[in-house]
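*Asks:* only geometry, no sequence info:
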Ligand SMILES: Cc1cc2nc3c(=O)[nH]c(=O)nc-3n(C[C@H](O)[C@H](O)[C@H](O)COP(=O)(O)OP(=O)(O)OC[C@H]3O[C@@H](n4cnc5c(N)ncnc54)[C@H](O)[C@@H]3O)c2cc1C
Ligand code: SF4
Ligand code: SF4
């Protein structure tokens, strides 16, 4: 029988959020296709998460029992994955720096199809049907991929299983590793220290403009940002007035960002500013002026004084996110 | 009483022949000084020369004789007129003496002696004294900001005053000692003579003092004269020469094209790369500082003063005998790169330089070197250039295409090969910049209502090239100009109207360099024509319309490239007052004195420290008129001033910045005609 | 070091959304009136190639692009920033999303014009955004591959690299021959060409190879079967969230945000 594979990751024996999503997706695909879902756990350290991985949807947790796989080394990992993939119908990797690094090479080695950055994956008529944004999000491509396929799937696009699955089997595979294939060696890993969330990476950004009326307005914004784990941005209008540091400026002459959610508060929406958020997925604007251009870019708008809305918004969000 | 009025030359001066020795030394020193300069002028490349001598003499009469530009600042202007004319006449007096004494032609007699050599000379001497006194007053009492530098200048003026005064004393002594019967014809000398006599000075004493003073006077005068070619005094000769030699087609308006096939250096790396006239300019500068006074860069504390550019280049020129082996000017510490990038090319400096020095072409020449030979520009400007190169426009990140602004109005772009007589050249900014797009809509609707048939290029339009040219990338400019000229040809274009003064200037004055000659109008010019032809309805009301509480309704900001560059000061104003019947209040700096909005010369794309922003300074000036509407006629000024007005804080909240075309729409009540005509694209015309 | 840099000519990724149009049933967008540019990450890769050449004297940089004849324009741009040679692998239309096909043709072209010690590519092309070709070329050539590289310098017999990772960067030593895919960084913004070099670039030769003349490595892997290419649901003017008072507005806004799954 063919298998669906998911590459998992775990921190201190707990699968990562992303892994849970991929296992949930893999489980649904396997169910629909009548296939088995096997999870790869590279290295004995990750192996400790095997039970949790089974609960998250895998039928078999395959521990690649080789200590040298505990740290990521693409050449060794590729070797191990290629060797242990047996009759793969689909291989699901996260669309992060590991999955994107591995996917094309793994697909080539498995002589399978390749579909990267999927935002929606389903099984239909014996084949995977997947969607992904192309042209910087200006279009969505839907493709049918018959035969074995390696997929990378974007975070936050699939949901983990609602209920833990019971049963399943833990397998330990001793993988043969040949160090001769290693041509790239990790010398050092450097963490970049940033206070709060880096704007470039932030999934959520709250941003303030001249409409905030003063530095106090940004203090309010900080509270909102803390709840949303958001980065804080600003328009040049606000930066010019010294309410926000220049490194917060977003736009043509500031930072270009691509969050999922961009909350623009007291920003009019000048094209120079909007240039910086062209690829934001959802823009929400709070502005007193119903004619402000920002409303023609925003998905959702609130026409109101932010001072009156923000406290309620903070409370409502805090409540919603607790759930 | 001798029958014929005259006087004895060299009265009381024994051994006056020694003077010729001094004269010889003076001449030698003077010629040496001139030669030194002449040599440096030769380092430049040949300058083009248009003959048109009538025009040259006309300008000479206006600017060297009547000195109109100087007089535009009244007191300093009068000061200069007094000194210069005083000195010219006194010099002529000396020539007359020489003719009589050395050529032995007896002209110093009769009525000529009385009216000219005595009366006129005294009068002009007095005028010159008054001039120097005003000069010293301006410098040390009024402490004119622009005259704060130049320590030595005061000494030269003081010395001149001493020479003039000793001249009068000498005259007085002579009249008193010789009991000159014609003395009354020299009123100042005569008054002094009466004074000496009244004081009971003996003839012997007077003779003694006269002799000593004569030599002192002569030596001081010779020293002063000899110093001319070694100091800014050289402008006595060079300034009139420069007035005469000024290029008749202003090179800032139509920058000289580079021939890329033959050019050895692109732009000016060394003095040898400048034109001779540019090098000559350096020596003409009088350090008066008029150029600097309202230079937007200088006023907002950028590292640029047009005077310093000229003086730094001059210093470099004279300290660097040869350029071979020397680093380029911008790398060798003569001029800083950020100085060059700070210029908005607004042209204030050149418009106000009394000796017709042209700053902008020199700045651009050095920018050309940076942009093309070194590919070194400030990041934001570099990004704009890349945008022009890759996408045909500098507005990176615009969410619009060039065809978005007009689609719902029912216009369409010309099809390939389709002909049009009148082309509306929209320009990148009016097509793609949020705020300025409304101007394009307003103007297009006005033309349609006036029954003008016009074509639009839409996506076939590319940047006119003005920003590229002014940022120094002549190569990119020429590529664009040629491409655009080709589209004009394809569509049989004869007349071009544009809402952008920068495009207007480039297409009108610079495209002819590449064979593109068209009838080019700026939209205010074109609208004024339509109004005059009665093609737009009259605006109701007879009285001038004021704003709230009788404040002026509107003030007008002259865009540099419309006003100073092309002289269109009146059409926009006549639209506002005569046609729209609005009460117009002029800002203190207007017309040729207008202060830049800060966007020209590629500065629209440059980073600018908010504490020192040109647009805010200009907005404050405009708001000082009390008007609540600021009218302008340029798609760069519009967003710049909108930003500037907001940057002034609270006061700016009730002030709107609008293009004249938009004000026309409003006064005609045609708002619905320019409002978004349908909502298929989701109200993006916000 | 012989360096090859793979460049792709793409539809301007910054084109206004109004201008970006998809015909029903089409598997690629219409390109009428839209400029074409070098894919932005390829520009970063090109800059890195030039920097490496400066750091190891005697190296050469060859720019290779696959596309229709007009693709020469972007090769000229590479020559203008002083790439030493340019190769056009000619096909009829701009390459689509068939990454295996593209990679095998490019790999064959690299073998024909090489051998190269180092091949650089952008991390993904700004049109199809797939992020596949660089790594696939590495596999086909049998070279090791490092992805998301921001900086590189010669070190020993190989290169020392910086690779962007989720929360910082890795320093990696890699042997040659090697393939790198490059991501953007303040240190690898493509330089502005000097005008003299732009003029020279117009006179430099561009080698053209017909893709059909290349013995492309055959892959059994078929191209993707594209079922649809559509615009995402249009975000029309903002939906204004209203309510009796601010509290209700806030509650409704949160509800909407949850529906949109952006929290
Ligand atoms: C060459 C150039 C480059 C530029 N580059 C950039 C850039 O990179 N980034 C950038 O951001 N800008 C840039 N700008 C400036 C840009 O044009 C705008 O001026 C700026 O973005 C405006 O900032 P703002 O929206 O905060 O201010 P405003 O335009 O003044 O808008 C303030 C908004 O707040 C609203 N408001 C007021 N009070 C309240 C309240 N109590 N509650 C809610 N809303 C309220 C108002 O209705 C208004 O819409 C650039 C401009 C130029 C000319
Ligand atoms: S052109 Fe304008 S900005 Fe430039 S130096 Fe002259 S006055 Fe200053
Ligand atoms: S350049 Fe002209 S205006 Fe400026 S200081 Fe010299 S003479 Fe005066």
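*Replies:* Good, I have the coordinates. On a predicted model such as this, the values are computed, not experimentally measured, just so you know. Ligands and ions are numbered 1, 2, ... in the order given.

*Asks:* Can you name the next helix or strand after the strand or helix carrying residue A:206?
*Replies:* Following DSSP states H and E, one finds residue A:206 within strand A:204-208. Using DSSP H and E, the helix or strand that follows strand A:204-208 in sequence is helix A:215-228.

*Asks:* buried set for that following helix?
*Replies:* For helix A:215-228, the buried set under the neighbour-count rule, 16 or more other C-beta atoms under 10 Å in any protein chain shown, comprises A:217-218, A:220-221, A:224-225, A:227-228. In this view, the C-beta of every residue, glycine as well, is placed from N, C-alpha and C.

*Asks:* circling back: what packs against the strand holding residue A:206?
*Replies:* Contact partners of strand A:204-208 among helices and strands, from 3 or more C-beta pairs under 8 Å, 6 or more residues apart in numbering or on different chains; DSSP states H and E: helix A:215-228, strand A:231-234, strand A:261-265.

*Asks:* Looking at the buried residues of helix A:215-228, which is nearest residue B:573?
*Replies:* Closest to residue B:573 out of the buried residues of helix A:215-228 is residue A:217 (41.9 Å), distances taken as C-beta to C-beta.

*Asks:* pLDDT (mean, whole number) over stretch B:676-686?
*Replies:* Stretch B:676-686 shows a mean pLDDT of 47.

*Asks:* Isn't residue B:530 up against residue B:450?
*Replies:* Yes. Residue B:530 lies in contact with residue B:450 (C-beta atoms under 8 Å); the separation is 4.7 Å.

*Asks:* need the buried residues of helix A:215-228 in CSV with pLDDT, can you?
*Replies:* Formatted as CSV, the buried residues of helix A:215-228 follow (pLDDT from 0 to 100):
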residue, pLDDT
A:217, 91
A:218, 92
A:220, 91
A:221, 93
A:224, 93
A:225, 92
A:227, 90
A:228, 91
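
*Asks:* Which of these sits closest to residue C:8?
*Replies:* residue A:228 (36.7 Å).

*Asks:* what's the distance between that closest one and residue A:181?
*Replies:* Per C-beta to C-beta, to the nearest Å, residue A:228 is found 44 Å from residue A:181.

*Asks:* okay, residue B:425: pLDDT?
*Replies:* Confidence at residue B:425, expressed as pLDDT, is 96.

*Asks:* now it, nearest residue through space, not along the chain?
*Replies:* Closest residue in space to residue B:425, ignoring its immediate chain neighbours: residue B:498 at 4.2 Å, by C-beta to C-beta, 6 or more residues apart in numbering or on different chains.

*Asks:* Who is that neighbour paired with across the strands?
*Replies:* Applying DSSP bridges to residue B:498 yields these beta-bridge partners: residue B:425, residue B:522.

*Asks:* so what's it up against?
*Replies:* Shown in contact with residue B:498 (C-beta atoms under 8 Å, 6 or more residues apart in numbering or on different chains): B:424-427, B:504, B:507, B:520-523.

*Asks:* now with 7 Å?
*Replies:* B:425, B:427, B:504, B:507, B:522-523 (C-beta atoms under 7 Å, 6 or more residues apart in numbering or on different chains).

*Asks:* Please report how far it lies from residue A:127.
*Replies:* 57 Å.

*Asks:* what's the answer for residue B:382, then?
*Replies:* 48 Å.

*Asks:* Verify the contact between residue B:236 and residue B:228 for me.
*Replies:* Yes. Using C-beta atoms under 7 Å, residue B:236 is in contact with residue B:228, at 6.2 Å.

*Asks:* Just give the nearest non-adjacent residue to residue B:231, would you?
*Replies:* The nearest residue in space to residue B:231 (C-beta to C-beta, 6+ apart) is residue B:156, at 6.9 Å.

*Asks:* Which pLDDT value belongs to residue 203?
*Replies:* Going with chain A. Residue A:203 is assigned a pLDDT of 89 by the prediction.

*Asks:* try again with chain B
*Replies:* Predicted confidence (pLDDT) for residue B:203: 87.

*Asks:* what sits against it?
*Replies:* residue B:177.

*Asks:* And the helices and strands packed on strand A:204-208: which comes nearest residue A:315?
*Replies:* With C-beta to C-beta as the criterion, residue A:315 lies closest to helix A:215-228 of the helices and strands packed on strand A:204-208, at 9.6 Å.

*Asks:* how many other residues sit next to residue 158?
*Replies:* Since no chain was named, I'll use chain A. Residues within reach of residue A:158, counting by other C-beta atoms under 10 Å in any protein chain shown, total 22.

*Asks:* think we crossed wires, I meant chain C
*Replies:* The tally of other residues near residue C:158 (other C-beta under 10 Å) stands at 20.

*Asks:* re earlier: nearest to ligand 2, out of the contacts of residue B:498: which one, please.
*Replies:* Of all the contacts of residue B:498, ligand 2 sits closest to residue B:504, with 17.9 Å by C-beta to the nearest ligand atom.

*Asks:* what's that closest one sitting at in phi/psi?
*Replies:* As for residue B:504, its main-chain torsions (degrees, to the nearest 10) stand at phi -50, psi -50.

*Asks:* Contact partners for it?
*Replies:* Neighbouring residues of residue B:504 by C-beta under 7 Å, 6+ apart: B:498, B:520, B:522, B:561.

*Asks:* near ligand 1, which of those residues show up?
*Replies:* Subset of the contacts of residue B:504 in contact with ligand 1: empty, counting by C-beta under 6 Å from any ligand atom.

*Asks:* Pull the most distant pair out of these.
*Replies:* Using C-beta to C-beta, the pair of the contacts of residue B:504 lying farthest apart is B:520 and B:561, separated by 12.4 Å.

*Asks:* And these two? Which one has more around it.
*Replies:* Set residue B:520 next to residue B:561 and count neighbours by other C-beta under 10 Å: residue B:561 wins out with 28 against 23.

*Asks:* quick one: contacts of the lengthiest strand in chain C?
*Replies:* Ranked by residue count, the top strand of chain C under DSSP state E comes out as strand C:145-155. With contacts defined as C-beta under 7 Å, 6+ apart, strand C:145-155 is touched by A:97, A:100-101, A:105, A:184, C:48, C:52, C:55-56, C:123, C:135, C:138, C:159-164, C:169, C:172-174, C:178-183, C:185, C:187-188.
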